[in-house]
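Peer 1: Mind looking at a prediction? Sequence and model below.
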Amino acid sequence: MEIQILQLLEGAKAAKGLTVIIDVFRAFTVEAYMAKNNAAKIIPVKDVQTGEVTEYRDPKGDNIGVFVFAGYAPATSLVKGIAELNEQGYVITDRNMKTNVEGLYAAGDVCVKALRQVVTAVADGALAATELEKYAAALQQKTGFKPDLPITKNVTSSKAGVSSTDSNSSSSNLTGSNSPNSGSSGSDLSDSGSSNELFTADMKAQLDTVFSRMEQPLLLRLYLDERSVSTELEGYMQTLASMTEKLSVEIIDRENKNSDAPCVRVCLSDGTETGLAFHGVPGGHEFTSFVLGLYNASGTGQALDSQIEAEIHSITEPVDLKVLVSLSCTMCPELVTASQKIASINPNIRAEVYDLKHFPNMKEKYNFTSFSGAILRTSK
């Protein structure tokens, strides 16, 4: 193992433009990141043996890339004594990721392989899943046993008798994979005037349940510009509003010169802003979070721990949350839903969501490199 590490270090030292600062025979730890505009400029590294702290900077003042090395010890204790392992503890598989145990497959960095990278791990997983599916199908054919298929029942709208658990469950089933795609053309959305092309029957039934649980009507104020994404946003909001009396649309500006357009701001029926806004079109994985935002803004909304809710109410200073997302990101909706829930509880807090695809200036302004993140600003 030490020979492998030494070989890797020698290769890294020979690479052009790469500086190796970690001595293989001594332990170092990165103390902290001193960042400006969310980018690491200085990295203090501490020698745990001597206590000496050394700061590393790029000679040209550029950002510093940090890569976490997870180590070489495979976490294979789960299959130790079951599957065949090599001397280092890695799982031995054939070319189809099958172990020596019938029906047991392994994938990723725990396997014996020449290259350990995310792309190879993903490929291993796809191959293992495919082979396992074939194995299960063969067993079904051999034994005659087949699993019972799940029965899908449509959720009907009800003014009463729907528990809070039912409501949350139906809302969470509005998955991004079935939701309207923000890549569709704006003209198709605005000209259709019908929800048939946007939502399946199951989705409309789930939406009806959410709408029936909304405690008061909401006003969707639109700020549009000349881009096609504005046409798409208008068509999308008009379609949602046509499905319930709880929503109405008001177009404030069609030629907005503000860099925040297109935008939909969620307001109460009297025009009071709730603090929730989406810049772009809330499609893809953000469809569910947008619907939950409407539900939360209309009243009590989703249940929250009383202590957490009290802490949210205790915030007295104005807080501006800007949540930057990608509609293809599967982790973004949780951040969006949480931010919007907080804003719906405390009028001092605003939560504005930006689809980075349509607002690249936000990405540049905050030196943003991740799929999702929140920028917090307070009055202090």
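Peer 2: Now that the structure is in, tell me what you want to look at.

Peer 1: From here on, just use CA atoms for contacts and neighbour counts.
Peer 2: Noted.

Peer 1: care to break this protein down by domain?
Peer 2: 2-57, 77-143, 164-378 (automatic domain parsing).

Peer 1: what's the pLDDT at Pro347?
Peer 2: As predicted, Pro347 sits at a pLDDT of 92.

Peer 1: Shouldn't it be within a helix?
Peer 2: No. Secondary structure assignment (DSSP: H, G, I helix; E, B strand; the rest coil) places Pro347 in coil, not in a helix.

Peer 1: OK, contacts around it?
Peer 2: Shown in contact with Pro347 (CA atoms under 8 Å, 6 or more residues apart in numbering): 274-275.

Peer 1: For Val319, see how far away it is.
Peer 2: Shown here: Pro347 relative to Val319, a distance of 9 Å by CA to CA, to the nearest Å.

Peer 1: got it, and Pro333?
Peer 2: Distance check for Pro333 against Val319: by CA to CA, it reads 20 Å.

Peer 1: Could you check which of these two is surrounded by more residues?
Peer 2: Per other CA atoms under 10 Å, whichever of Pro333 and Val319 has more neighbours is Pro333, with 22 against 19.

Peer 1: That one: what's it in contact with?
Peer 2: 285-286, 288-289.

Peer 1: Drop anything exposed from those.
Peer 2: Neighbour counting with 16 or more other CA atoms under 10 Å marks 285-286, 288-289 as buried within the contacts of Pro333.

Peer 1: Return the distance of the host helix or strand of Thr231 from the chain's centre.
Peer 2: Secondary structure assigned from DSSP states H and E places Thr231 in helix 228-241. For helix 228-241, the separation from the chain centroid amounts to 23 Å (computed by CA atoms, centre = their mean, to the nearest Å).

Peer 1: same thing with stretch 258-277?
Peer 2: Its chain's average C-alpha position is 23 Å from that of stretch 258-277, according to CA atoms, centre = their mean.

Peer 1: likewise stretch 81-89?
Peer 2: Using CA atoms, centre = their mean, the distance between the centre of stretch 81-89 and that of its chain works out at 36 Å.

Peer 1: Check what contacts it and list those residues.
Peer 2: Surrounding stretch 81-89, the residues in contact under the criterion CA under 8 Å, 6+ apart are 73-74, 76, 91-92, 99-101, 112.

Peer 1: hmm, which two among those residues are most spread apart?
Peer 2: Taking CA to CA as the measure, the contacts of stretch 81-89 span a maximum distance of 22.3 Å, between Ala73 and Val101.

Peer 1: that older thread, flag the least confident of the buried ones among the contacts of Pro333.
Peer 2: Comparing pLDDT over the buried ones among the contacts of Pro333, the lowest score belongs to His285 (80).

Peer 1: Alpha carbons of stretch 200-217, as PDB, please.
Peer 2: Listed in PDB are the C-alpha atoms of stretch 200-217, where the atom choice follows Å, rounded to 0.1, in the frame of the first residue of the first chain:
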ATOM      1  CA  THR A 200     -50.900  14.200 -16.000                       C
ATOM      2  CA  ALA A 201     -54.200  13.200 -14.400                       C
ATOM      3  CA  ASP A 202     -52.400  11.900 -11.400                       C
ATOM      4  CA  MET A 203     -50.500  15.200 -11.000                       C
ATOM      5  CA  LYS A 204     -53.700  17.200 -11.300                       C
ATOM      6  CA  ALA A 205     -55.300  15.100  -8.600                       C
ATOM      7  CA  GLN A 206     -52.400  15.700  -6.300                       C
ATOM      8  CA  LEU A 207     -52.500  19.400  -7.100                       C
ATOM      9  CA  ASP A 208     -56.200  19.500  -6.400                       C
ATOM     10  CA  THR A 209     -55.500  18.100  -2.900                       C
ATOM     11  CA  VAL A 210     -52.800  20.700  -2.200                       C
ATOM     12  CA  PHE A 211     -55.100  23.500  -3.500                       C
ATOM     13  CA  SER A 212     -58.000  22.300  -1.300                       C
ATOM     14  CA  ARG A 213     -55.700  22.600   1.700                       C
ATOM     15  CA  MET A 214     -54.700  26.200   1.000                       C
ATOM     16  CA  GLU A 215     -56.200  28.400   3.700                       C
ATOM     17  CA  GLN A 216     -56.500  31.600   1.600                       C
ATOM     18  CA  PRO A 217     -56.100  32.700  -2.000                       C
END
